[in-house]
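Peer 1: here you go, sequence then predicted model.
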Amino acid sequence: MFSGGADGNGHLTRPRRPRRGGVGGGGGGVMVFPQGKVDSGAQPHPAAPPCTDYDMAYFKAYSHLGVHEEMLKDHVRTSTYRNAVMHHQDLISGKVVLDVGCGTGVLSIFCANAGATRVYAVDASDIAIQAMEIVRENELSDKVVVLHARIEDVIIEEKVDVIISEWMGYMLLYESMLGSVIFARDKWLKPGGLILPSHASLYMAPITNSQRYHDSIYFWRDVYGIKMSSMMPLAKQCAFMEPSVETISGENVLTWPTVVALVDCYTIQAQELETITAAFKFTSMLQAPLHGFAFWFDVEFNGPVRQKSKKQASQSLDGDKQNASPSSKKKKQDVSIVLSTAPEDAPTHWQQTLLYLFEPIELNKDQNIEGSVTISQSQQHARFLNICVKYFTGDQWYVKESVMR
């Protein structure tokens, strides 16, 4: 993702990070190496979604150096992946690995350095050309096979022992790249194989953030002594119509979070990601204005022996009906490594995703907020997310709808 700033209307804008290994296609040629090639005729099974203009635009954007520089400079992200690879070295050494959406190839190189016999590094963006050079520079061309194409279009003529991918988007599911990991899992992963990360959790909580309203909205009340309050309705539309990706602290969070979705990468099916609905009931811990709702996620790097049953996985996407306990945001007893994007943890380039209300609601201490959230893939393009929060508080119902494009 690129570093963001504010547009002319005070809306914090960040160019959306495109997915790499999934639906879409980039310009340029295809790098073909021994053991791997691009399917130019046979249809993959299951059938790959068509490549749209949205895909082409995103993959072109993803060829830019700045996107990869920001991700690599995210120490929490990159070091956690490296630690996870080394933690599971016994399952990677001497094995075949598939890196879905390899970018610059950093995860592929981590796996090669951990002793992988061969790593297939697949990326549809033109960054694959640079990945090939990086592999050569590190004298790993005998181990790392770079394939410049969609994961849905390549042919790999052997099963793999490990799939690794950094597929997570804003609020976890934006970009829909997880579908590409599922495709790769079903087509190439051996029974009992390893998937990194293995599990993911999406959280939601009500937040207060008076400073954001002051900077973006109340600023217009007095601009160098000139009254501009007439600009405030437009400012609210510009600032709060779409979800905002920004960093908040634990002090902004009014309650313990609730779990919106639990994802088991070993068993989840693509159709389960099309619509996710979860009920919630929050109780405010203090008296403060409710400015909106925050979303964040964590991912876990568990071995295959810890995978859940298919029944558990299908139930998990309906959301946890109870508020998450404090420990649910931290390392669980049976989890070795966790990458967290929670407000109280070290910041990452994902930050948090904020869904702001146009008008704040004054909350009393111990006041309840009860309702449901629905996150669905947009009919316009599966990469986009439709978000609908319906909630009841203070004897009144409210609805907040937004689209993350």
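Peer 2: All right, it came through fine.
Peer 1: wait, isn't L286 in contact with V253?
Peer 2: No: the criterion here is Cβ atoms under 8 Å, and L286 misses it with V253 at 10.5 Å. For every residue, glycine as well, the C-beta is placed using N, CA and C.
Peer 1: so between these two, which is more surrounded?
Peer 2: For L286 and V253, the more surrounded residue by other Cβ atoms under 10 Å is V253, and the numbers stand at 22 against 12.
Peer 1: partners of the more buried one in the sheet?
Peer 2: I207 (DSSP bridges).
Peer 1: check the gap between it and C238 for me.
Peer 2: Noted for V253: a distance of 25 Å to C238, by Cβ to Cβ, to the nearest Å.
Peer 1: same deal with G303?
Peer 2: G303 is 47 Å from C238, by Cβ to Cβ.
Peer 1: how deep is S180 tucked in, by neighbour count?
Peer 2: 28.
Peer 1: what helix or strand is it on?
Peer 2: helix 178-188 (DSSP states H and E).
Peer 1: low-confidence ranges in this protein?
Peer 2: Flagging of the chain using pLDDT under 70 yields the residue ranges 1-46, 305-335.
Peer 1: domain parsing for it?
Peer 2: 16-196, 200-404 (automatic domain parsing).
Peer 1: follow-up on the earlier one: next secondary structure after the helix holding S180?
Peer 2: Downstream of helix 178-188, the first helix or strand assigned by DSSP H and E is strand 189-196.
Peer 1: pairing partners for that next one, with directions?
Peer 2: For strand 189-196, using DSSP bridges, the partner strands are strand 160-164 (parallel).
Peer 1: what separates the strand it pairs with from the chain centre, distance-wise?
Peer 2: Relative to its parent chain, strand 160-164 has a centroid offset of 20 Å by Cα atoms, centre = their mean, to the nearest Å.
Peer 1: what's next to that strand, contact-wise?
Peer 2: 81, 85, 88, 91-92, 95-100, 107-108, 111, 116, 120, 181, 184-185, 188-190, 193-196 (Cβ atoms under 8 Å, 6 or more residues apart in numbering).
Peer 1: list the residues that contact N209.
Peer 2: N209 touches 248, 252, 291-292, 354, 356, counting by Cβ under 8 Å, 6+ apart.
Peer 1: got the residue ranges for the strands in the stretch 51-200 of the chain?
Peer 2: For the stretch 51-200 of the chain, the strands defined by DSSP state E, counting those that start in this stretch cover 96-100, 118-123, 144-148, 154-156, 160-164, 189-196, 199-207.
Peer 1: scratch that, the stretch 301-405 of the chain
Peer 2: 338-340, 352-363, 368-377, 385-393, 396-404.
Peer 1: the helices in the stretch 151-300 of the chain, which residues?
Peer 2: Counting by DSSP state H, counting those that start in this stretch, the stretch 151-300 of the chain has helices at residues 178-188, 210-216, 232-240.
Peer 1: thanks a lot, see you next time.
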